[in-house]
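Chemist: Sequence plus predicted model, see below.
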Amino acid sequence: MLPTATERRTTPGSFDELIAAEQRIEPRDEMPEAYRTTLIRQIAQHAHSEIIGMQPEGSWISRAPSLRRKAILMAKVQDEAGHGLYLYSAAETLGVDRSELLDKLHSGRQKYSSIFNYPTATWADVGAIGWLVDGAAIMNQVPLCRCSYGPYARAMIRVCKEESFHQRQGFEILWTLARGTDAQRAMAQDAADRWWWPALMMFGPPDSGEAASGGHTEQSMAWGIKRFSNDDLRQKFVDMTVPQAQKLGLSLPDPDLRWNDERGHYDFGAIDWDELWRVIKGDGPMNAARISHRRRAHDEGAWVREAASAYADKTAARAKGAVA
Amino acid sequence: MLPTATERRTTPGSFDELIAAEQRIEPRDEMPEAYRTTLIRQIAQHAHSEIIGMQPEGSWISRAPSLRRKAILMAKVQDEAGHGLYLYSAAETLGVDRSELLDKLHSGRQKYSSIFNYPTATWADVGAIGWLVDGAAIMNQVPLCRCSYGPYARAMIRVCKEESFHQRQGFEILWTLARGTDAQRAMAQDAADRWWWPALMMFGPPDSGEAASGGHTEQSMAWGIKRFSNDDLRQKFVDMTVPQAQKLGLSLPDPDLRWNDERGHYDFGAIDWDELWRVIKGDGPMNAARISHRRRAHDEGAWVREAASAYADKTAARAKGAVA
Amino acid sequence: MPQGDSLTAAYCLHLGDDALIYAQRLGEWISRAPQIEEDMALGNIGLDLLGQARALLTRAGELDGTGRSEDDLAYFRDERDFRSVHLVEQPRGDFGFEMARLLWFATYQCELYAALVDSRDPVVSAVAAKAVKESAYHRDHAEQWVLRLGDGTDESHVRMQDSLQAVLPYLAELFDDDEVSVAAASAGVGALPSALHDAVVERVGDVVVRATLTLPHEVTWRSRGGRIGVHDQSMGHLLAEMQHIARSHPGASW
Amino acid sequence: MPQGDSLTAAYCLHLGDDALIYAQRLGEWISRAPQIEEDMALGNIGLDLLGQARALLTRAGELDGTGRSEDDLAYFRDERDFRSVHLVEQPRGDFGFEMARLLWFATYQCELYAALVDSRDPVVSAVAAKAVKESAYHRDHAEQWVLRLGDGTDESHVRMQDSLQAVLPYLAELFDDDEVSVAAASAGVGALPSALHDAVVERVGDVVVRATLTLPHEVTWRSRGGRIGVHDQSMGHLLAEMQHIARSHPGASW
């Protein structure tokens, strides 16, 4: 719901003033409830995506084909856990707690990025995820480093730094495969073919036309949560990525993909929005598997978390007893 | 405990008469309690060995290097389950039931052959188990086909037929490996090196000398449960197996192994009885793992067995209701 | 779209890979079943499927012009080249899950092989003639267990119902009319997957009712793509285990 | 018995294989830990161990005259050529089992690397200088968890006690004076395993007592033979998974 004109109070330091002045909103500041809930939903979804995103690549840690790649991959998946933690912490500044958000993830009441519902069939997928998925994520996230909500913006600065490192690593994996044996080249091309369209869908539905998502974007822009439209970000991603694909020597699975001199951008083919909606609604290839993997880890660890909290209570009580 | 002279009644068809006449004892016949308990212990141990023996080879079903070998191996391990069933049934004719015997296996109160406490490190071990372990088992078991207790003897006839098939398959695996690549030949030799001494120990402690097991053998012989001494069977096994090893082109890890013209047998080196006792006492490499694997399968299946018996009860009750 | 012999070869891979991968999963039960009779039964079913797989992969290698043997196809293809459905790839669950999977898969195979007895390809037809009996036995075995578990104890009832739910997402894929199957069906070599659907659902539905269970049908997602080489995440791990030794000794005989 | 460079190479395989195989097991925890902080911590520990393994395997390949790389040694040796102990090979259990294993292994590594800082081999000495700090962190991490679990809830107390029992059979092997270690110790390259025993047991024993647990010591069997290539049954399955892709593309670079 858009704030009405009367809600836009202009007392010094008020929410609207801060937003208008492109100042950061901090946890202690007053903020409209809709801003708060929008942010919670968005940050939680982002955190969940990091956590669920550990699985498709994590499945390759045990099989990474060289020890150097195994180390890089372990470090990367671990970074994703770290990103999840920053982001849950940022969400917690808005008055929710992590276990509540995890419950919502596990019960399907909060989403994560649909991209992680695709399986990782070959080692080249690890490269393609780094190159395309992290590449698209960065495109989405860099503007969030200037997001109006301070804790989120600061978390994103840390996340983006590591993501661009991951993106380079992914590119490097594909670079090596594309210059390797026939089987390795085929593997790299196959991965590019499978991940290209899902990566484009990561920017969300178009901002106009039949498939547009309505006023959502507009409000987020007004609040300084969103800085660019989905379509603009998608175009930027395509423009950045096509030359990289050429450098890799990989083709992209879109016959309509070509440079448009007039627009100064690459044209690209129509996205299969039905597929996106299907995957978002939970009909992705790995949907149930991702959630049940996550839930199992959580459930199997319940006794550990309970023990940790019982121990913390005991220790605190003993400390108090010692003081008293 | 040996039966005393007065216990050896000679009424027609009595236990002693039947034994003396080399007739079969059947479940309905009277028999000394010691005969019964000796048989239960022996048959149960034999059945347990078949069941535990599924594991070392079973571990290779998923990795068998050709589909033909995979099929043969699956069939073999399945045969072992079948042997276990025949033998538990034979034991049940003596007034115990299978679940009782399984409990004793799981709790360590009954033993299984220590040979199955060695791990199967390579595919060649599947061959070596067939060739040496099944070979030794057959040597032990063929005389049991003439055992005085009918149900046991009949079970052994079926078992022996299949075992000799398994032994040939094991020999054939090693034959192929020994004529294969360098790595395959090395694998075959390594397996022969590791399984040779444990196979010799399968015949049990010597019948005389320091390590002898005392009057046990003598009583079992008198009862027609045992037909040959441990040492005689071991010698027969060595005499049979050494030429097979030569045919395979594999050496056996015993510098003292050589033909003795005078004795008309192969001489062989001293067995490390400490190792045997250690493994028998439960200090075998895979002891705990074998039992915990078995126990886990049993525990995880408890709800299934309970359901089957509840369903059988319901069905019986319904049938009765329908009749009444 | 392949035609003639290469179409038949492609179709044989569908059938053969389903059988091979499920045999691999069933093999994992041996020494882990709830009772020894079941170690034997599941081993037997696995052996039947392995036999089907061997014949069908051999046929695929004969017809596709590459001269590959059953072992070349089983051990030296990569994940993306397998054509199995997600149902058979799923990791081993509890015994209830296995009986739910087996009930559906064997009932599907019964209908499938009954149709394939008349295949124009003599090998497919011969495999089908044998397999139609085998799968009837597999189906009966699963039916018996679903009855026992559904109508057994409270616990087994709940677990069996949960298992029916757990396999649900993987069922639709069995009846997808993929390009190869459609072409094979119209060439008189194969059966149209969608044409098997109703008979399978009816038969399973009947068992489920007799087992005092209900057939779930609400599903927010479903598996797709096995026939074009998009597999469950567990598939790569299964292949690692299955192929490791063979690939470690290229060119060796066993 | 190898001497000189080949002795050092053989000794590096002991250390390197322990680290490699445990890193492989710890990697299995990532995305499966009880809380996200633990996904990170176990990943970190695994990474440290993997780093040690890479340096030590590289050194082994330099010294043994074969010119093998870290990857040749990790991916193209067979089970019988690995030199790891059974403790690190054990399949992933619950979190209590992992903390029991880590407590023992990291405490052992602390003592081991403290001794190896003075190794005559410059690479072993350099690896030890770094690893002695890493393993102290690993040990502290395990200690904290053993305290929390031992002195946490009734359930966690029981589970942690069971876990101490579960790892017990694999401990003696850490302190076995095998031929290579004895020779490496007397050459001033390695540490004598038995000489580490008392300090490790004392340190772990102290933690166990503070965690309100008891240190079990009754054991009817114990693992043996890792250092001569006799491994746990699970080892072959671990290697299948670890080596499958590398072996599927012989000669490829990654």
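Modeler: In hand now; what should we look at? Numbers count the residues shown, from 1 in each chain, chains lettered A, B, ... in the order given.
Chemist: How about the residues of the stretch 51-200 of chain C by chain D?
Modeler: Taking CB under 8 Å from any CB of the partner chain as the criterion, the stretch 51-200 of chain C approaches chain D at residues C:Asp78. Every C-beta, even on glycine, is put in place using the N, C-alpha and C of the backbone.
Chemist: Just the residues contacting stretch A:48-58, thanks.
Modeler: Applying CB atoms under 8 Å, 6 or more residues apart in numbering or on different chains, the external contacts of stretch A:48-58 come out as A:73, A:76-77, A:80-81, A:83-84, A:87, A:101, A:105, A:110-113, A:115-116, A:118-120, A:125-126, A:129, A:286, A:290-291, A:293-294, C:233, D:30-31, D:36, D:39.
Chemist: what's A:Asn260 sitting at in phi/psi?
Modeler: Backbone torsions of A:Asn260, given as degrees, to the nearest 10, read phi -110, psi 110.
Chemist: That one reaches A:Phe268, doesn't it?
Modeler: No - counting by CB atoms under 8 Å, A:Asn260 stays clear of A:Phe268, with 9.7 Å between them.
Chemist: Those two: which has the busier surroundings?
Modeler: Neighbour count, other CB atoms under 10 Å in any protein chain shown: between A:Asn260 and A:Phe268, A:Phe268 has more, with 20 against 10.
Chemist: Now the more buried one. Nearest residue, chain neighbours left out?
Modeler: A:Leu257 (5.0 Å; CB to CB, 6 or more residues apart in numbering or on different chains).
Chemist: what's the burial count for that neighbour?
Modeler: 16.
Chemist: C:Glu202 too?
Modeler: Neighbour count of C:Glu202, defined by other CB under 10 Å: 10.
Chemist: ok, now the one 4 residues further on?
Modeler: With neighbours defined by other CB under 10 Å, the count for C:Asp206 comes to 12.
Chemist: Right, and chain B sits closest to which residue of the stretch 51-200 of chain A?
Modeler: Closest contact between the stretch 51-200 of chain A and chain B, by CB to the nearest CB, is at A:Arg63 (15.5 Å).
Chemist: Residues of the stretch 1-150 of chain C that sit close to chain B?
Modeler: C:20, C:24, C:27-28, C:30-40, C:43-44, C:46-47, C:50-51, C:53-54, C:57, C:70-71, C:74-75, C:94-96, C:147-149.
Chemist: could you flag which of those residues are buried?
Modeler: Taking 16 or more other CB atoms under 10 Å in any protein chain shown as the criterion, what is buried in those is C:20, C:24, C:27-28, C:30-36, C:38-40, C:43-44, C:46-47, C:50-51, C:53-54, C:57, C:70-71, C:74-75, C:94-96, C:147-149.
Chemist: how about the helices in chain C?
Modeler: Here chain C has its helices, by DSSP state H, at C:4-27, C:36-63, C:70-75, C:86-89, C:95-116, C:122-150, C:154-167, C:179-186, C:193-210, C:235-248.
Chemist: which other helices and strands contact the fourth one?
Modeler: Just to be clear, that refers to helix C:86-89. Packing contacts for helix C:86-89, counted by 3 or more CB pairs under 8 Å, 6 or more residues apart in numbering or on different chains; DSSP states H and E, involve helix C:4-27, helix C:95-116.
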